[in-house]
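Student: Need a 3D model of the following:
(2 chains)
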Amino acid sequence: MCGAVVAERQPSHTLVCLFLRGGADTLNMFVPYADDEYYRQRPTIGIAGPGKAGSDSALDLDGRYGLNPRMKQLFPAFDEGRLAVVQGVGSDNPSGSHFECQDQMEHGEDYGKTVGGGWLGRHLRSHLGSRATSLSAIAIGSTVPESLRGVPAASVLKSLEDLELKSRAPQPEAVAQILSRLYADDATILGRQGCETVQLLKRVREIRERKYIPEDATEYPDNNLAQGLKEVARLIKANVGLEVACIDYGGWDTHFFQGALSSFHGKKVEILANALAAFDRDLKTHRDRVTTVVMTEFGRRLYENASLGTDHGRGFSMMVLGGRVRGGMVHGPWPVVKNETSEGPGGLHISYDYRSVLGEILEGVSENADLDRVFPSVSLGRLGLIA
Amino acid sequence: MQKITRRNSLQCTALAGGALALAGCERSISLATRRLGQDIPGEVFVAESDDIDDIHHLLNRAAYGPWPGDISRVKSIGGSAWLDEQLRPESINDLACELRARRFESVFVKPGNAYEFKESVLREELSRHTLLRAIYSRKQLFEVMVGFWTDHLNIDLGKGDCIYFKPWDDLHVVRKHALGNFRDLIGASAKSSAMLVYLDGKENRKRKGTDDIPNENYARELMELHTMGVHGGYTQKDVTEAARCLTGWTIRPKKAFLDRGMVYFKPSHHDEGEKTILGKTIPPRKGKDGAADLDDLIDVLCRHPSTADYISTKLCRRFVGYQPPETLVARVAADFTESKGDIKTVLRTILSSDEFSQSKGQRFKRPFRYIVSTLRALGADTQAHKPLIEYINRLGQPLFSYPTPDGYPEDKMPWMGTLLWRWNFAFGAVNHEIPDVRIRLKKLGAAIGAPDEGTVAPEKMVAYLLGREATKNEMAAIADYQKQMKKAEKKADGQSKQRDELLAVLLASPAFQRC
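Tutor: Modelled structure (predicted):
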């Protein structure tokens, strides 16, 4: 039988990439309350500084920035040093096109150039190569995202329920068993891979069958994002060698009546923060093994438009959350220049190429010694994001 | 070539109108192709030896696996005669396949007209076309070589305008020369818009009076990946000189009135000086005469002995094994040189060799081959819609999407992580749960040898799929499995019919992952 052949997988570090699709207005998440210009440019949708508007005030983070009060569940993570924010991240893509900017960012490229495949695909190909299994990379949803293009293998799932052998037999054990025997009989690496796959599936089924009880009495809200993150947490704890998990949260294209706190942008940031907070809490004893990056294809403009929304901008803030993160800080110089910015009207200044930040994170948490293949000719950041 | 079909199917489509009617049209295609022989015969060959059957092996390498009835047919004429047939593809009646595969308009358009189509349509139709031909064409060796050269001359649809130009490239470069002459193939590729975009050839220029530096990307890959191989013995200087030869070839812009997207030679962008490459001198040429530099270059590269070695090695790796015997490679290279790069000649050498017949079961099927060979083994009916394409994508071999010019890896290691989804494909197909993949288990079972209303004897199922008799261990494992299935069925009060998924298990087994 297979048993003797397969070694227990060492717990791996998991990188979780949450992509906010639509160009999220991160300026209203991490509010620059110390700059009057922010309030001049956002008379309606600006969020009040600490203490200025009761429970509608931003929560002070570092004397310059405040956390949108709808995101207050994420405050402990910042306060306890697990959440870092990098202000002024962006790409060199001036087009303002969702599709183009998302693609470029997921591919990890310069504007107009092609590297080949997605950055996470390249990372896993160079880092894992033939050691990759069907569970090294997952995407929550229904398709393999561009960032994983070129990955040796990936599983797309909405929940762990999808990760099973699609046998309809009344006795699924028997199916697993015969596959085990047939693969155990094969003396080559194919045999080992087959055995390992059966073991992985068994472990996943065990996880699935036990009612999942999140740690620390965490309750995941009932929405796709939170439930998706819960599945990621389950897989991480199942020790199946998960290295990368991709998940999306869309609908951020707030041109129209964005609102400050009570409108739909407010609702979205609340969903985002609560989901991340639940994820962070559920992984309390696993925090050192997980790093979550939250990014978007571009930020939005400093000024509010006539429809009380915001239009496509450039720079945005990236969130990095995890036990290894040097959190409790908002990195980066103040990204707003008073008059014209080089990034188009109202676009926040870009201080960090998105790849330098992602590269620095990869360098810190994965053992990929070949980062030059992931982001060729890009210098890694030196923000000290990862301890 | 059968000419009637596109008109007929277009008429059918036009008459139809809505999606439902389109489904009806596909229905009639399925029925029509059955009439044309794309069916499951009354009886199929079931192996009776414990060594993999020769013809089964041949069809698993020189074809995408046997279709029900293929082995018997090939046995009746002999493998050699079958090979002769396959090497004369124009003599093969492929009407049934044409009916399925000629329906995709965007596949047949010139680059200029491709701009009229949405990118998603181009990508989908090209993928479906390729997949359907691999599954259904009777010109199987031709399709296998189309796959081989597509990898060899890799183009990623994701880059620039490649998506608009690749359909033309697929027909006029790859398919036109797949079983032709190697030099012609490379020459066509060098003048293909898709390749000029993919490897930046269209940026390669030396304008008069400027100090333009040629873009060496295509020149380098032409030598490293397409002809001589990285150890072929060329120097950096050779690469530079090759780039100089290739200057001036560019693409008519999208806004051009005529021939937009087509390649042409622009004398004003050509480096007219003398070039020396691999010891050969190419004389200075003025104006339009400069176009001849490309042909001279391709001649030099294709005639170089390293090219014979490199291409022969690649072919032997594809058809024989990951470490092909030196003796075979040497013979193939000699034949390559003597025939001046005739692809049919070298294929014959390889496929008739002892080394080939001794390499049974030693290769690992890549995802595309796994899926196609499964569908062929089942005699499945599909129109290659999204669900099927999704499986290929999930298995890591999305068509025309490999990110780097070296093409999808030949080696087995990169594909080892794909087992779960192969297994799920097998179970999905056998359980009729993959939309648009229809199989007829009863008919297949009857052909393999099911007594009346009974199920197929497991040893026959194994022998049919794997081309050899089951091993003792396999039979023991199967016996236990069936015992457990019967017990479970009893428990369920016989309500659920015993789900005979043995077929799926065997398609998921390690032996079927091999070829």
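Student: these two touch, right, A:Val151 and B:Gly396?
Tutor: Yes: assessed by C-beta atoms under 8 Å, A:Val151 is found in contact with B:Gly396 at 6.8 Å. (C-beta placed from N, C-alpha, C; glycine too.)
Student: List the contacts of residue 258.
Tutor: Assuming you mean chain A. Each residue near A:Gln258 by C-beta atoms under 8 Å, 6 or more residues apart in numbering or on different chains is listed here: A:25, A:28, A:45, A:264-265, A:304, A:308-310.
Student: Sorry, I should have been clearer: chain B.
Tutor: B:Leu258 touches B:Arg252, counting by C-beta under 8 Å, 6+ apart.
Student: so what's it scoring on pLDDT?
Tutor: At B:Leu258, the pLDDT value in this model is 85.
Student: if I pick A:Ile45, what's in contact with it?
Tutor: The contact partners of A:Ile45, taken as C-beta under 8 Å, 6+ apart, are A:28, A:258-260, A:265, A:304, A:308-310.
Student: which outside residues touch stretch A:170-182?
Tutor: Contacts for stretch A:170-182 (C-beta under 8 Å, 6+ apart): A:1-2, A:164-165, A:167, A:169, A:194-195, A:198, A:201-202, A:205, B:423, B:473-474, B:476-478, B:480-481, B:484-485, B:487-489, B:491-492, B:496, B:499, B:501, B:505, B:508-511.
Student: List the contacts of B:Ala333.
Tutor: So B:Ala333 contacts B:305, B:308-309, B:312 (C-beta under 8 Å, 6+ apart).
Student: hang on, it is in a helix, isn't it?
Tutor: Yes: if the criterion is DSSP: H, G, I helix; E, B strand; the rest coil, then B:Ala333 is within a helix.
Student: all strands for the chain, in order.
Tutor: Since no chain was named, I'll use chain A. For chain A, strands defined by DSSP state E occupy the ranges A:14-20, A:30-31, A:59-60, A:66-67, A:83-90, A:137-140, A:155-157, A:244-249, A:290-296, A:316-322, A:329-331, A:352-353.
Student: nope, chain B please
Tutor: Taking DSSP E, the strands of chain B run over residues B:249-251, B:263-265, B:275-277, B:280-282, B:381-382, B:437-438.
Student: Without its sequence neighbours, what residue ends up closest to the residue in the stretch 51-200 of chain B positioned nearest to chain A?
Tutor: When scored by C-beta to the nearest C-beta, the stretch 51-200 of chain B has B:Lys159 as its residue closest to chain A, at 4.6 Å. Closest residue to B:Lys159 apart from its sequence neighbours, by C-beta to C-beta, 6 or more residues apart in numbering or on different chains: A:Thr114 at 4.6 Å.
Student: Verify the contact between A:Leu385 and A:Met319 for me.
Tutor: No: shown here, A:Leu385 and A:Met319 do not form a contact pair, counting by C-beta under 8 Å, at 10.9 Å.
Student: what residues do those two have in common as contacts?
Tutor: Taking C-beta under 8 Å, 6+ apart as the criterion, A:Leu385 and A:Met319 both touch A:Ala84.
Student: how about low-confidence regions in chain A?
Tutor: For chain A, the stretches with pLDDT under 70 are A:1, A:3-10, A:256-257, A:335-345.
Student: Would you state the helices of it in chain order?
Tutor: With DSSP state H as the criterion, chain A has helices at A:36-41, A:75-79, A:98-107, A:119-127, A:172-184, A:189-209, A:224-237, A:264-282, A:354-365, A:371-374.
Student: can you check the stretch 301-450 of chain B too?
Tutor: For the stretch 301-450 of chain B, the helices defined by DSSP state H, counting those that start in this stretch cover B:305-319, B:326-338, B:343-351, B:354-357, B:367-378, B:386-394, B:419-430, B:441-448.
Student: For those, please prepare CSV with the additional fields mean pLDDT.
Tutor: Below are these laid out as CSV (pLDDT from 0 to 100):
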stretch, mean pLDDT
helix B:305-319, 98
helix B:326-338, 98
helix B:343-351, 98
helix B:354-357, 97
helix B:367-378, 97
helix B:386-394, 90
helix B:419-430, 93
helix B:441-448, 91
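Student: A:Tyr352: which of those helices is closest?
Tutor: Minimum separation from A:Tyr352 across these (C-beta to C-beta) falls at helix B:386-394, 32.7 Å.
Student: among the contacts of A:Gln258, which ones are buried?
Tutor: Among the contacts of A:Gln258, the ones that count as buried by 16 or more other C-beta atoms under 10 Å in any protein chain shown are A:25, A:28, A:45, A:265, A:304, A:308-310.
Student: ok, so of these, who is nearest B:Ser357?
Tutor: Comparing the buried ones among the contacts of A:Gln258 against B:Ser357 with C-beta to C-beta places A:Asp25 closest, at 66.5 Å.
Student: what bridges to the nearest residue to the closest one once chain neighbours are set aside?
Tutor: Counting by C-beta to C-beta, 6+ apart, A:Asp25 lies nearest to A:Arg300, which is 4.2 Å off, once chain neighbours are set aside. As for beta bridges, A:Arg300 partners with A:His312 under DSSP bridges.
Student: How about A:Val89?
Tutor: A:Phe316, A:Tyr352.
Student: If we ignore the residues flanking it in sequence, what's nearest B:Asp411?
Tutor: Excluding the flanking residues, the one nearest B:Asp411 by C-beta to C-beta, 6+ apart is B:Tyr322, at 6.2 Å.
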